[in-house]
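*Asks:* After the sequence you'll find the predicted model.
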Protein chains: 2
Amino acid sequence: MAPMKNASPVGDIQSAIRAAGARVTPARVRALAALRAASSPQTHAEIEETLAQEAHPAIDRVTLYRVLDWLCSAGLAHKAADARGVFRFSAAQPNVEHAGHVHFRCTGCGGVFCLKSPPPPAPALPRGFRLGGMALDIRGECPRCVRAHS
Amino acid sequence: MAPMKNASPVGDIQSAIRAAGARVTPARVRALAALRAASSPQTHAEIEETLAQEAHPAIDRVTLYRVLDWLCSAGLAHKAADARGVFRFSAAQPNVEHAGHVHFRCTGCGGVFCLKSPPPPAPALPRGFRLGGMALDIRGECPRCVRAHS
DNA sequence: ATTGCGGATGCAATTTTGTTGCATTAGTGC
DNA sequence: GCACTAATGCAACAAAATTGCATCCGCAAT
């Protein structure tokens, strides 16, 4: 099993959730704790199984989906599809500002890494086009997957 | 819709399939032709819809899955999960380099436009990371949708 | 503490995406 | 043309993710 190294104090988790302007519920606390304790990006099923072994009341499948999506929209987690096409969730590293830099997505494990590089300037658009948003998607393999793959 | 510029001669496709040591069937020819004509990696559903509009007998959903997987195992196509977790297929050995320009996706009509702008330089990666690909996804509205929307 | 509001949850049902089994069809070499 | 078998089509299945709605509970005002 994955070693549980980075267990966050419950207080940190609660204040992180509260700081995002939402209610502190068991589902959110436990899901975020599981994400932070995990040593690699987890699928919904893996998180569900982890939480099921916790001697607390089980969390509904759908609720877990919604909690995970909320964590992402709150900036507390990242969501990315792995090589099999299933979503993997990982805890966002605290103290990192997520505007103004680029994300690297590992196609092997689905992990998201923050690069120091600033985002590129928007290219010139032809007449009439209206710019909505821009996403520089860098894909590749993280060091661990590079080793495991060979 | 995306313009169909890069249609391969049917003979090329047939010999490519034959060279892979397999039978030349309508499903394989049409699927590979659709992939080569596409201006961006296509999902199974998109390819299916494209082929359905072709006034030929429809190709079964499962057959298309198997054909696409076969094209990949034969080295004629590539398969990769996109950000939504859906597999996208693209023709291998592209005569058209799709790494040499940027795509603009209209959030209104879903159309994809190829911009002339060169892609930004790849940011420096930390040690151990292997760069797989880079996609600058620009979203917004195309001129027609800008007019229709206001 | 009590109460009320609305966000959060649980449950059922549905959609989307992809796979497996098997009988039938059709491409290819002869 | 004929036979052999890869390839197809159909049905059923399975996994992953979403939607609708009634109920519950965190939390702030009282």
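*Replies:* Nice, I can see it.

*Asks:* Who are the contact partners of the residue of chain A most remote from its centre?
*Replies:* Centroid-distance maximum for chain A: A:Arg127 at 37.0 Å, with Cα atoms, centre = their mean. Residues in contact with A:Arg127 (Cβ atoms under 8 Å, 6 or more residues apart in numbering or on different chains) are B:Pro143. Every C-beta, even on glycine, is put in place using the N, C-alpha and C of the backbone.

*Asks:* Could you give me the buried positions within stretch A:44-57?
*Replies:* A:44, A:46-48, A:50-51 (16 or more other Cβ atoms under 10 Å in any protein chain shown).

*Asks:* what residues does chain A put near DNA strand C?
*Replies:* Contact residues (Cβ under 7 Å from any atom of the strand) of chain A with DNA strand C: A:22-23, A:25-28, A:57, A:59-60, A:62-63, A:66-67, A:70, A:85.

*Asks:* Who wins on neighbours among those?
*Replies:* A:Arg28 (25 neighbours; other Cβ atoms under 10 Å in any protein chain shown).

*Asks:* partners of the host helix or strand of A:Arg88, with directions?
*Replies:* In this assignment (DSSP states H and E), A:Arg88 forms part of strand A:87-91. Under the criterion DSSP bridges, strand A:87-91 sits next to strand A:42-43 (antiparallel), strand A:77-81 (antiparallel) in its sheet.

*Asks:* Determine which stretch of those is the most buried.
*Replies:* strand A:77-81 (a mean of 21; mean count of other Cβ atoms under 10 Å in any protein chain shown).

*Asks:* CA atoms only for it, dumped as PDB, please.
*Replies:* Provided in PDB are the C-alpha atoms of strand A:77-81 (Å, rounded to 0.1, in the frame of the first residue of the first chain):
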ATOM      1  CA  ALA A  77      -6.700  19.600  -5.900                       C
ATOM      2  CA  HIS A  78      -5.900  18.800  -9.500                       C
ATOM      3  CA  LYS A  79      -7.800  16.600 -11.900                       C
ATOM      4  CA  ALA A  80      -6.200  15.000 -14.900                       C
ATOM      5  CA  ALA A  81      -6.900  12.000 -17.000                       C
END
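
*Asks:* ok now it, how far from the chain's centre?
*Replies:* Remark: strand A:77-81 is offset 4 Å from the chain centroid, using Cα atoms, centre = their mean, to the nearest Å.

*Asks:* ok, then the element right after the lowest-mean-pLDDT helix or strand in chain A?
*Replies:* Lowest on mean pLDDT, DSSP states H and E among the helices and strands of chain A sits strand A:130-141, with a mean of 74. Where DSSP H and E defines the elements, the next helix or strand beyond strand A:130-141 is helix A:143-149.

*Asks:* Give me the contact list for that next one.
*Replies:* Contacts to helix A:143-149, defined as Cβ under 8 Å, 6+ apart, come from residues A:40, A:106-109, A:141, B:127-130.
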